[in-house]
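everything below, folded, please.
(chains A, B, C and D)
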Protein chains: 2
Amino acid sequence: MPEIPKSCRGCALYCRTGFFCSVLPTESLVALSELSRPRSLKIGETISETALEMWPIIGIADGIIGVKRFQSNGNGSIAAFFVAGDIVDLRGAPARMCSDLTALTETKVCYLSPSMFDEIMASCKDARRIAWESLQSQTFRMIEQVAELSKKRAPERLAWFICEFRRLHSTNPDTTRGPIFRLPFRQVDLADYLGIQPETISRGLRHLEQQGAIRVLKAKIIEIVDQDLLMSIAMRSQDGELASAAKHRFRVLQAS
Amino acid sequence: MPEIPKSCRGCALYCRTGFFCSVLPTESLVALSELSRPRSLKIGETISETALEMWPIIGIADGIIGVKRFQSNGNGSIAAFFVAGDIVDLRGAPARMCSDLTALTETKVCYLSPSMFDEIMASCKDARRIAWESLQSQTFRMIEQVAELSKKRAPERLAWFICEFRRLHSTNPDTTRGPIFRLPFRQVDLADYLGIQPETISRGLRHLEQQGAIRVLKAKIIEIVDQDLLMSIAMRSQDGELASAAKHRFRVLQAS
DNA sequence: CGTTTGTTTGACGTTACTCAAATCTCGTGG
DNA sequence: CCACGAGATTTGAGTAACGTCAAACAAACG
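Here you go, the predicted structure:
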């Protein structure tokens, strides 16, 4: 009976239940491992385009990879991020996207062999389900992100981000336990992600503080004083109304 | 030898090459068809939540389905849209998303049986590839959308939308041929999609007109006067600089 | 400890939202 | 085919929010 490959032993993709490699039969794991490349990335490091040509599929074992686009003036925007457990298949991705993958934290990834990946997708039902659900959840997250951010102002965006990120990482006690929230990456990056300026982040945090929802202990450490208040702020839209399906029903009534 | 089901004969999902049903072996097609439900939707009609409980997977044969969220004040936001050929799997989707699916144009969809879909995904390689690529492209489109829109002002967003939509439908001569662009849905919906107010859409179009990029013939009919100019406006970001990877390379040089 | 990088604060300008009203479009029924 | 009316778009004026620039301040790093 073949052994678990050394490089997989400590990898979250294999160790955490529900992650892609955890459901593979040992021989598939060995075969995949032999053709794959685990890598560590420092914060700010980008995934090289040449690596993506040969290994366009990456599994994220730990950390956060952002799709970060730079403008000529130095401003950037972070369109999305991928988190631990995500399987990111960049075959057929728009060319620019591949130059934009940046580690927002210290990150561990594994470049997966496309041919072996396809083989596993054909043969292993559980792996297929996990990869499919991962890709689904990437789409859903993006949709939620746009739906929530597009009509919100700075303080609401911040509140939404804090709530959403805690929810996304609810399995990771490090960032979610207790009333303390640690900003997962730099404020500059957060600003790029929320589509606002770093200065506005700062002012927005102060604003939430004045309302009594949070307290900023240090630059990246936030104490959540009133979870409910924070949630209700997060759900507000531009005009201060609470978001709901109420108006939708109202329109249906009008029409009938 | 079994016959092609009647309801599939005129359906784009079967007729257009590269669409999901076109690659199915006849017997799979028959089996899927028997458990599936083709439906037509009028503009503004929503996909019923109860239908989604039983058929959470829909194939879009024709038209545009938007994820439209309403706020209590009547404003909405359209986070995403799905177009012909997309396979949308809503199993595991956030609950609210399912109440938000609205036809932005006259639309033909087909509710697909999940069990049969899974079976096909296991057995038919081509179908698996097509469904996977469709889901991939949904994610990529969302990422592009956020990357492009987050740091753009109203006129640039409009220009981007026109260019992008023509590209997305480049296979459909109806909307892309010649210098005439027909807004695919109402300006109110476009405003919701671009995250701005209807008034701003109007002013933005006027602005593009004054620059000589387009001419608004009727409310929904736009003549593209200068494609290159329009493109270059679409690529501009908030501060008027052209977007590029130039700064990225600059930072890499600094670091080394 | 000094340098670099990131965050905060303030003053000012611009954009886009808000509200209100006029005008236009298009589907409907006569 | 035309007239009507609801819904959609346009226009204008006033205002709030955010971007921009510049400089002080704090934190992280070797």
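
what are the buried residues along the longest helix along chain A?
The single longest helix within chain A, with elements called by DSSP state H, is helix A:125-149. Within helix A:125-149, the residues that count as buried by 16 or more other Cβ atoms under 10 Å in any protein chain shown are A:127-128, A:130-149. For the C-beta atoms, the positions are set from N, CA and C on the backbone; glycine is no exception.

is any part of it close to chain B?
Yes. Helix A:125-149 reaches chain B (Cβ under 8 Å from any Cβ of the partner chain) through A:125, A:128, A:132-133, A:135-140, A:142-147.

the helix or strand that comes right after that helix near DNA strand D at all?
Once the chain leaves helix A:125-149, the next helix or strand it forms, by DSSP states H and E, is helix A:154-168. Yes. Counting by Cβ under 7 Å from any atom of the strand, DNA strand D is contacted by helix A:154-168 at A:154-155.

what is helix A:154-168 packed up against?
Applying 3 or more Cβ pairs under 8 Å, 6 or more residues apart in numbering or on different chains; DSSP states H and E, we find helix A:154-168 packed against helix A:125-149, helix A:173-176, strand A:180-182, helix A:187-194, helix A:198-210, helix A:227-234.

ok, now with 7 Å
Here helix A:154-168 touches helix A:187-194, helix A:198-210, helix A:227-234, going by 3 or more Cβ pairs under 7 Å, 6 or more residues apart in numbering or on different chains; DSSP states H and E.

name the residues that touch the last one?
With Cβ atoms under 7 Å, 6 or more residues apart in numbering or on different chains as the contact definition, helix A:227-234 has outside contacts at A:155-156, A:159-160, A:162-163, A:208, A:211-214, A:224.

can you select the buried ones from those in ChimeraX?
Selection command for ChimeraX covering only the buried members of those, criterion 16+ other Cβ under 10 Å:
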select /A:155,156,159,160,162,163,208,213,214,224
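
turn the contacts of helix A:227-234 into JSON lines, columns for pLDDT.
Formatted as JSON lines, the contacts of helix A:227-234 follow (pLDDT from 0 to 100):
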{"residue": "A:Pro155", "pLDDT": "96"}
{"residue": "A:Glu156", "pLDDT": "95"}
{"residue": "A:Ala159", "pLDDT": "96"}
{"residue": "A:Trp160", "pLDDT": "95"}
{"residue": "A:Ile162", "pLDDT": "95"}
{"residue": "A:Cys163", "pLDDT": "93"}
{"residue": "A:Leu208", "pLDDT": "96"}
{"residue": "A:Gln211", "pLDDT": "93"}
{"residue": "A:Gly212", "pLDDT": "93"}
{"residue": "A:Ala213", "pLDDT": "94"}
{"residue": "A:Ile214", "pLDDT": "94"}
{"residue": "A:Ile224", "pLDDT": "93"}
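
tell me the pLDDT at A:Leu104?
Listed pLDDT for A:Leu104 reads 89.

separation between it and DNA strand C?
According to Cβ to the nearest atom of the strand, to the nearest Å, A:Leu104 and DNA strand C sit 11 Å apart.

A:Gln71 too?
A:Gln71 is 16 Å from DNA strand C, by Cβ to the nearest atom of the strand.

contacting residues around the spatially closest residue to A:Ile130 that is not a sequence neighbour?
Ranked by Cβ to Cβ, 6 or more residues apart in numbering or on different chains and with sequence neighbours excluded, the top spatial neighbour of A:Ile130 is A:Phe20, at 5.3 Å. Applying Cβ under 7 Å, 6+ apart, we find A:Phe20 in contact with A:13, A:59, A:87, A:127, A:130-131.

possible to save those residues as CSV with pLDDT and distance to B:Ser232?
Listed next are the contacts of A:Phe20 as CSV, based on pLDDT from 0 to 100; distance: Cβ to Cβ, whole Å:
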residue, pLDDT, distance to B:Ser232
A:Leu13, 98, 43
A:Gly59, 98, 38
A:Ile87, 98, 37
A:Ala127, 98, 45
A:Ile130, 98, 43
A:Ala131, 98, 39
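
okay if I get the residues you listed as TSV plus distance to B:Pro198?
Shown next, in TSV, are the contacts of A:Phe20 (distance: Cβ to Cβ, whole Å):
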residue	distance to B:Pro198
A:Leu13	47
A:Gly59	44
A:Ile87	40
A:Ala127	47
A:Ile130	43
A:Ala131	41
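
would JSON lines of the residues you listed with distance to DNA strand C be doable?
Listed next are the contacts of A:Phe20 as JSON lines, based on distance: Cβ to the nearest atom of the strand, whole Å:
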{"residue": "A:Leu13", "distance to DNA strand C": "29"}
{"residue": "A:Gly59", "distance to DNA strand C": "27"}
{"residue": "A:Ile87", "distance to DNA strand C": "29"}
{"residue": "A:Ala127", "distance to DNA strand C": "38"}
{"residue": "A:Ile130", "distance to DNA strand C": "34"}
{"residue": "A:Ala131", "distance to DNA strand C": "34"}
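
these two touch, right, A:Ser237 and A:Ser150?
No. In this structure, A:Ser237 is not within contact of A:Ser150 by Cβ atoms under 7 Å, at 9.2 Å.

give me the nearest residue to the closest residue to DNA strand D within the stretch 51-200 of chain A, chain neighbours excluded.
DNA strand D sits closest to A:Arg153 of the stretch 51-200 of chain A, with a gap of 2.8 Å, by Cβ to the nearest atom of the strand. Distances taken as Cβ to Cβ, 6+ apart put A:Gln238 closest to A:Arg153, at 6.0 Å, once the chain neighbours are dropped.

helix, strand, or coil at the one you found?
Here A:Gln238 is recorded as coil under DSSP: H, G, I helix; E, B strand; the rest coil.

and it, how close does it get to A:Arg157?
Distance of A:Gln238 to A:Arg157, computed by Cβ to Cβ, to the nearest Å: 11 Å.

which one of those two has more residues nearby?
For A:Gln238 and A:Arg157, the more surrounded residue by other Cβ atoms under 10 Å in any protein chain shown is A:Arg157, and the numbers stand at 23 against 16.

domain parsing for chain A?
Following automatic domain parsing, chain A resolves into domains at A:6-147, A:151-255.

to B:Met54, which of the ones you listed lies closest?
In terms of Cβ to Cβ, the element of those nearest to B:Met54 is domain A:6-147, at 18.7 Å.

that older thread, now, of the domains of chain A, which is deepest in the fold?
Among the domains of chain A, ranked by average contacts under mean count of other Cβ atoms under 10 Å in any protein chain shown, first place goes to domain A:6-147 (a mean of 19).

now the end-to-end length of it.
Domain A:6-147 has its terminal residues 43 Å apart, counting by Cα to Cα, to the nearest Å.

what of stretch A:221-232?
End-to-end distance (Cα to Cα), stretch A:221-232: 21 Å.

where in the stretch 101-250 of chain A is pLDDT low?
Within the stretch 101-250 of chain A, the stretches with pLDDT under 70 are A:170-178, A:240-250.

closest point of the stretch 1-150 of chain A to DNA strand C, which residue?
Going by Cβ to the nearest atom of the strand, DNA strand C is nearest to A:Gly44 of the stretch 1-150 of chain A, at 7.1 Å.

roughly how far does that residue sit from A:Gly66?
Separation of A:Gly44 from A:Gly66 (Cβ to Cβ): 10 Å.

next, show the common contact partners of these two.
Taking Cβ under 7 Å, 6+ apart as the contact rule, A:Gly44 and A:Gly66 both touch A:Thr102.

can you list the residues of the stretch 101-250 of chain A near DNA strand D?
Contact residues (Cβ under 7 Å from any atom of the strand) of the stretch 101-250 of chain A with DNA strand D: A:153-155, A:195-197, A:199-200, A:204, A:218-220.
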